[in-house]
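Q: Need the 3D shape of this:
(chains A and B)
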2 protein chains.
Amino acid sequence: MTFGILVFPNVEELDFVGPWEMVTMWQQVAGGPNCLVVAEHAAPISCAKGLSINPHFSFEECPALDYLLVPGGQGTRTEINNAKLLDFVAARGKACKAVLSVCTGSFVLHAAGLLEGKRATTHWGSLERLRALGSVEVVEERFVRDANVWSSAGVSAGIDLTLAFIAEVAGEEAAAKVQFASEYYPSDRRYGAFHNTHPSAPAYTRDA
Amino acid sequence: MTFGILVFPNVEELDFVGPWEMVTMWQQVAGGPNCLVVAEHAAPISCAKGLSINPHFSFEECPALDYLLVPGGQGTRTEINNAKLLDFVAARGKACKAVLSVCTGSFVLHAAGLLEGKRATTHWGSLERLRALGSVEVVEERFVRDANVWSSAGVSAGIDLTLAFIAEVAGEEAAAKVQFASEYYPSDRRYGAFHNTHPSAPAYTRDA
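A: Numbers count the residues shown, from 1 in each chain, chains lettered A, B, ... in the order given. Next up, the predicted model:
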């Protein structure tokens, strides 16, 4: 089994490295799939915050994928107009058992026609922009699954998405092993009150 | 101000990309320091789980640093015997306002002489190994600060460490902006019960 993570110029770093860590840990401790990083070209990619990475495969060289994850970042605003990338996501996405997006990666899924009639989410700062596209039901959850399409809120939410995905595909015990190995027992500390008071704060971060 | 993140072969991916995301977001939304990735050589680094990255600077080319973070991973078992790397960490660490470690990065700080008499922590799987080194008081918290030395538990704990560090250095409002921008309101979901039942589970993950 192979889990592919798409990258592109100005992809947000944690959007894809969070899921990368969870999936590669799944491979190491619980028999999860191989994981690879694929980009249009197999040349260095400069991420949104300036980290430079080297994709494993170009679109042409990329092996068959069982799962495909599309992260977000400023680069998505360019990529939603990149026909080669959208063709790759549409073709590979349709052949996959599941597709996943993190943050504004959901705009790429939408542009590739994979969110038609689906429930999905994105970074809080882009919820209204996704709603305005129509033909997708935007929810304000940390992550959401609709059939074989999974999407998460912004940046760090890809970690929670991926653990839930692992639990669904491989069972609670596999997700437990990954959570323990990556010591993912995050603090519940809330700095300030933007999660309650900011007009764009998503429903799931607001205190009941 | 400049925040340096050390990398080396087989560095664990999320150990350094978690803090990288928090610090670069701090720069973007709240006037935080520049952030750079430094390695012994400015050649591609293959990380512990197979991600390939390109450091910004070699040791020789690295500008002055105000803060230095040392991530962990399997590679630390080699690097604690790398005199050039330990010299870099010792010299730069002493010149910095603060040094931070994630996961088994604390073994590198120890080998560089920066944990002498300090309270520190590491990945749950290495707590006893760190204790056995002596001359350091090992605590089982998500992260711990002792004067200008900050250290965290495993892998994902570097995110919590860095947010707390930002709150200390730049104030609650800065940390709040970074937390909101990176949408770091993680799920409190616990898969399975390793955090309670595993003999090596650290004190902070166990239910009261």
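Q: Report all helices and strands that the lengthiest helix in chain A contacts.
A: Looking across chain A with DSSP state H, the single longest helix is helix A:13-30. Judged by 3 or more Cβ pairs under 8 Å, 6 or more residues apart in numbering or on different chains; DSSP states H and E, helix A:13-30 is in contact with strand A:2-6, strand A:34-39, helix A:157-170, helix A:172-181, helix B:13-30. All C-beta spots, glycine's among them, are computed from the backbone N, C-alpha and C.
Q: Between the ones you listed, which one is closest to residue A:203.
A: Nearest to residue A:203 among these is helix A:157-170; the distance by Cβ to Cβ comes to 13.6 Å.
Q: for the closest one, which positions count as buried?
A: By 16 or more other Cβ atoms under 10 Å in any protein chain shown, the buried positions in helix A:157-170 come out as A:157-167, A:169-170.
Q: and which of those residues is nearest chain B?
A: Of all these, chain B sits closest to residue A:160, with 4.4 Å by Cβ to the nearest Cβ.
Q: tell me the contacts of the residue nearest to the closest one when sequence neighbours are not counted?
A: Closest residue to residue A:160 apart from its sequence neighbours, by Cβ to Cβ, 6 or more residues apart in numbering or on different chains: residue B:187 at 4.4 Å. Contact analysis of residue B:187 by Cβ atoms under 8 Å, 6 or more residues apart in numbering or on different chains lists A:142, A:160, A:163.
Q: circling back: is it possible to export the buried residues of helix A:157-170 to JSON lines including pLDDT?
A: Formatted as JSON lines, the buried residues of helix A:157-170 follow (pLDDT from 0 to 100):
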{"residue": "A:157", "pLDDT": "98"}
{"residue": "A:158", "pLDDT": "98"}
{"residue": "A:159", "pLDDT": "98"}
{"residue": "A:160", "pLDDT": "98"}
{"residue": "A:161", "pLDDT": "98"}
{"residue": "A:162", "pLDDT": "98"}
{"residue": "A:163", "pLDDT": "98"}
{"residue": "A:164", "pLDDT": "98"}
{"residue": "A:165", "pLDDT": "98"}
{"residue": "A:166", "pLDDT": "98"}
{"residue": "A:167", "pLDDT": "98"}
{"residue": "A:169", "pLDDT": "97"}
{"residue": "A:170", "pLDDT": "98"}
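Q: so which two of those are the farthest from each other?
A: Pairwise distances across the buried residues of helix A:157-170 peak at 20.3 Å for A:157 and A:170 (criterion: Cβ to Cβ).
Q: neighbours around residue A:109, how many?
A: 28 (other Cβ atoms under 10 Å in any protein chain shown).
Q: wait, isn't it in contact with residue A:96?
A: No. Using Cβ atoms under 8 Å, residue A:109 makes no contact with residue A:96, being 11.5 Å away.
Q: for residue A:130, phi and psi?
A: The phi/psi pair for residue A:130 (degrees, to the nearest 10) reads phi -70, psi -40.
Q: Next, residue A:196: secondary structure please.
A: helix (DSSP: H, G, I helix; E, B strand; the rest coil).
Q: Please report how far it lies from residue B:160.
A: Here residue A:196 is placed at a distance of 20 Å from residue B:160 (Cβ to Cβ, to the nearest Å).
Q: do the same with residue A:159
A: In terms of Cβ to Cβ, residue A:159 sits 12 Å off from residue B:160.
Q: got it, and residue A:192?
A: Distance of residue A:192 to residue B:160, given as Cβ to Cβ: 16 Å.
Q: before we move on, the earlier item: would you mark the buried spots in the longest helix of chain A?
A: A:13-27, A:30.
Q: and the angle for that helix with helix A:157-170?
A: Angle, helix A:13-30 to helix A:157-170, by axes from the mean of the first three to the mean of the last three Cα atoms, to 10 degrees: 30 degrees.
Q: Using CSV, write down the CA coordinates of helix A:13-30.
A: Output of helix A:13-30 as CSV, limited to C-alpha atoms (Å, rounded to 0.1, in the frame of the first residue of the first chain):
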residue,chain,number,x,y,z
GLU,A,13,5.2,23.1,6.1
LEU,A,14,3.3,21.6,9.0
ASP,A,15,0.3,20.9,6.8
PHE,A,16,2.2,18.1,5.2
VAL,A,17,4.8,17.1,7.8
GLY,A,18,2.2,16.5,10.5
PRO,A,19,0.5,13.8,8.3
TRP,A,20,3.9,12.6,7.0
GLU,A,21,5.0,11.9,10.6
MET,A,22,1.8,10.1,11.5
VAL,A,23,1.8,7.9,8.3
THR,A,24,5.5,7.1,8.5
MET,A,25,5.1,6.2,12.2
TRP,A,26,2.2,4.0,11.3
GLN,A,27,4.4,2.2,8.8
GLN,A,28,7.1,1.8,11.5
VAL,A,29,5.1,0.7,14.5
ALA,A,30,1.9,-0.8,13.0
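Q: Give me the distance between that helix and the centre of its chain.
A: How far helix A:13-30 lies from its chain's middle: 11 Å, per Cα atoms, centre = their mean, to the nearest Å.
Q: Over to stretch A:104-112?
A: Offset of stretch A:104-112 from its chain centre (Cα atoms, centre = their mean): 10 Å.
Q: ditto for stretch A:81-88
A: 17 Å.
Q: And for stretch A:127-143?
A: 15 Å.
Q: Quick one: low-confidence residue ranges for chain A.
A: Residue ranges of chain A with pLDDT under 70: none are present.
Q: CSV please, covering the buried residues of helix A:157-170 and showing distance to residue B:2.
A: Putting the buried residues of helix A:157-170 into CSV (distance: Cβ to Cβ, whole Å) gives the following:
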residue, distance to residue B:2
A:157, 29
A:158, 28
A:159, 28
A:160, 32
A:161, 33
A:162, 32
A:163, 34
A:164, 37
A:165, 37
A:166, 37
A:167, 40
A:169, 42
A:170, 42
